[in-house]
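Q: turn this into a structure:
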Amino acid sequence: MGYRDVAKVGIGGPVGSGKTALVRRLVPALVEDGNEVGVIANDIMTQEDADVFRESFADLVPADLVEGVETGACPHTGIREDPSMNLAAIDEFTERHPDLDVVIVESGGDNLAATFNPELADYFLFVISVAEGEDIPRKRGPGVTQADLLVINKTDLAPHVDADLDVIERDTTEVRGDDPFVFTNCKDGSGVGEVISHVDREVLFA
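A: Residues are numbered from 1 along each chain as shown. Alright, predicted model coming up:
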């Protein structure tokens with residue numbers, strides 16, 4: 001079995017947007033629904049996120065289904081220009097775990113231009129933070145406009161950074177048209193259920 005035989009969900013977004021927090025919410029929910037899940041964390045020269053995931057999912061995901069890919073360059077290199085290291089890791093996952101259902105591929109913090117190679121991700125989530133400013137959707141970065149699902153995270157911080165969620169919703173609708181987006185607060189789990197529903201419906205066909 002090779003990497004084409006398992007569903008792949010890519011998660012990207014700027015530094016501090018909440019990608020790791022989202023993964024920490026998604027994986028337990030997917031496992032609870034009966035899925036076998038693999039997790040890959042991309043970063044320049046560190047295993048930090050992978051180590052966080054190994055610790056967080058110790059009772060949920062076998063250790064050999066959590067992998068850190070050190071790209072040695074901007075993380076988008078390993079998810080867009082040359083996904084070979086990630087694909088090789090997924091191949092190893094499927095060889096060891098033939099019944100693997102889905103692999104979550106997290107990109108290290110990158111800019112609004114980060115997107116996933118279609119060979120690497122069947123479904124692409126892009127995470128932005130309300131704390132980055134309510135004008136983020138209006139900047140129309142490829143991650144914002146091209147993601148299958150845009151996740152607008154840290155809604156709890158809106159009052160503290162003078163961000164108007166109604167303005168963000170209006171601008172996001174204008175930028176994305178009919179493409180979906182979800183407001184979340186990964187700290188308390190608000191909105192995460194909607195993200196999981198999208199993944200179930202569009203990736204796992206649950």
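
Q: show residues contacting the helix or strand of the chain with the lowest mean pLDDT.
A: Within the chain, no helix or strand scores below helix 76, which has a mean of 70 by mean pLDDT, DSSP states H and E. Here helix 76 makes contact (C-beta atoms under 8 Å, 6 or more residues apart in numbering) with G12, S107, D110, A113, A114, T115. (Glycine included, C-beta is placed from N, CA and C.)

Q: now neighbour count and distance to F124 too, for these, in JSON lines please.
A: JSON lines is the format used below for the contacts of helix 76 (neighbours: other C-beta atoms under 10 Å; distance: C-beta to C-beta, whole Å):
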{"residue": "G12", "neighbour count": "31", "distance to F124": "7"}
{"residue": "S107", "neighbour count": "33", "distance to F124": "10"}
{"residue": "D110", "neighbour count": "22", "distance to F124": "13"}
{"residue": "A113", "neighbour count": "14", "distance to F124": "13"}
{"residue": "A114", "neighbour count": "24", "distance to F124": "10"}
{"residue": "T115", "neighbour count": "22", "distance to F124": "7"}
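
Q: make TSV out of these and add pLDDT and distance to L30.
A: Compiled in TSV, these are given as follows (pLDDT from 0 to 100; distance: C-beta to C-beta, whole Å):
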residue	pLDDT	distance to L30
G12	94	18
S107	92	19
D110	72	24
A113	78	28
A114	81	23
T115	90	23
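
Q: pretty sure I11 sits in a strand.
A: Yes: looking at I11 with DSSP: H, G, I helix; E, B strand; the rest coil, it is inside a strand.

Q: just the pLDDT for it.
A: On pLDDT, I11 comes in at 96.

Q: that one and V69: what is the separation?
A: Counting by C-beta to C-beta, to the nearest Å, the separation of I11 from V69 is 14 Å.

Q: swap in D148?
A: Distance of D148 to V69, computed by C-beta to C-beta: 22 Å.

Q: which stretches of this structure form helices?
A: Remark: helices assigned in the chain by DSSP state H are 19-32, 48-56, 76, 84-96, 142-146, 165-176, 192-199.

Q: adding mean neighbour count and distance to T155, write these out as a markdown table.
A: Formatted as a markdown table, the helices of the chain follow (neighbours: other C-beta atoms under 10 Å; distance: least, C-beta to C-beta, whole Å):
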| stretch | mean neighbour count | distance to T155 |
| --- | --- | --- |
| helix 19-32 | 20 | 13 |
| helix 48-56 | 17 | 22 |
| helix 76 | 21 | 26 |
| helix 84-96 | 18 | 30 |
| helix 142-146 | 20 | 16 |
| helix 165-176 | 16 | 6 |
| helix 192-199 | 18 | 12 |
